[in-house]
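J.: quick one: sequence and predicted model below, then my questions.
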Amino acid sequence: MQLMFVYIAVLIAAEGVAVGLGQIVELYYPSLSLIAFMALFMVMLWVAWVIAVRLTRGRATA
């Protein structure tokens, strides 16, 4: 259960980064902003999971 809470917290922070980068891309290349945001959105789902597993791995075995 703790893994899911950590995952959600990390995911919220990571998606904030994705939104921010999407906004920056939109300033310079409006037609690419949706593609950039969607790519970052999908990558952040995986990255957040990897980070959450690494953060909680030591606690689960102790």
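T.: Sure thing, it's come through.
J.: in the helix or strand containing residue 13, which residues are buried?
T.: Applying DSSP states H and E as the criterion places residue 13 in helix 2-28. Within helix 2-28, the residues scored as buried using 16 or more other Cβ atoms under 10 Å are 6-7, 10-11, 14-15, 18, 21-22, 25. Bear in mind the C-beta positions are built from the backbone N, C-alpha and C, glycine included.
J.: following it, which helix or strand shows up next?
T.: helix 33-61.
J.: re earlier: want to throw the buried residues of helix 2-28 into CSV with distance to residue 34?
T.: As requested, the buried residues of helix 2-28 are exported to CSV (distance: Cβ to Cβ, whole Å):
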residue, distance to residue 34
6, 29
7, 25
10, 24
11, 20
14, 18
15, 15
18, 12
21, 13
22, 8
25, 9
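J.: which one of those residues is nearest residue 55?
T.: Nearest to residue 55, judged by Cβ to Cβ, of these is residue 6 at 5.4 Å.
J.: pretty sure that closest one contacts residue 54?
T.: No. Counting by Cβ atoms under 8 Å, residue 6 sits too far from residue 54 to count as a contact (9.7 Å).
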